[in-house]
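Trainee: Let me see the structure of the following:
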Amino acid sequence: MKLLDTTLAAYRLFTCGAIKLQPLAALAARLYVGKVFFLSGLTKLRDWDTTLLLFTEEYHVPLLPPAPAAVLGTAGELLLPVLLVLGWPGRFAAAGLFIVNAMAVISYPALEALELKDHYLWGVLLGYLVLHGAGSWSLEGWLSHKRTHKEQYE
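Mentor: This is a model prediction of the structure:
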């Protein structure tokens with residue numbers, strides 16, 4: 001019985017620690033994925049002629065002609081990461097980047113296995129953020145806490 005009590009106490013302690021680390025994990029995921037996509041968007045913007053050429057010759061985005069696909073993809077890679085890092089609106093930004101990531105995989109069949117692993121990692125992190133939100137260390141979390149705190153004292 002003593003071993004069971006000790007095991008349960010250790011599990012509770014572990015669980016409390018893991019729960020306290022959730023905001024940090026969400027922030028780390030937002031910063032990591034946001035940086036990856038933002039830098040990709042800057043690269044596209046830096047040499048627009050090459051970007052248009054790539055969207056014409058290499059990337060085959062379904063249902064969109066190359067020029068609008070390039071504009072939408074680049075805009076998504078520049079705007080959505082900023083929203084994601086701020087965490088407002090976190091789920092929307094994560095869902096948008098999830099779609100951008102999926103389009104990258106679909107439209108560029110020449111991705112190597114190692115490159116695909118990166119896209120899978122980003123997809124999992126973005127899926128987590130869509131399902132669980134940006135966390136309490138985000139603009140959404142801060143606004144929600146502020147609103148809840150204000151309602152308690154009214």
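Trainee: which SS state does residue 61 fall under?
Mentor: Judged by DSSP: H, G, I helix; E, B strand; the rest coil, the three-state class of residue 61 is coil.
Trainee: Quick check: what element follows the lengthiest helix in the chain along the chain?
Mentor: The longest helix of the chain (DSSP state H) is helix 2-46. Downstream of helix 2-46, the next assigned helix or strand under DSSP states H and E is helix 48-57.
Trainee: pull the CA atoms of that next one into PDB?
Mentor: Taking C-alpha atoms only, helix 48-57 is exported to PDB below (Å, rounded to 0.1, in the frame of the first residue of the first chain):
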ATOM      1  CA  TRP A  48      10.400  37.600 -56.500                       C
ATOM      2  CA  ASP A  49      11.400  36.600 -60.100                       C
ATOM      3  CA  THR A  50      12.900  33.300 -58.900                       C
ATOM      4  CA  THR A  51       9.800  32.800 -56.700                       C
ATOM      5  CA  LEU A  52       7.500  33.200 -59.700                       C
ATOM      6  CA  LEU A  53       9.700  30.900 -61.800                       C
ATOM      7  CA  LEU A  54       9.600  28.200 -59.100                       C
ATOM      8  CA  PHE A  55       5.800  28.400 -58.800                       C
ATOM      9  CA  THR A  56       5.600  28.200 -62.600                       C
ATOM     10  CA  GLU A  57       8.100  25.400 -63.100                       C
END
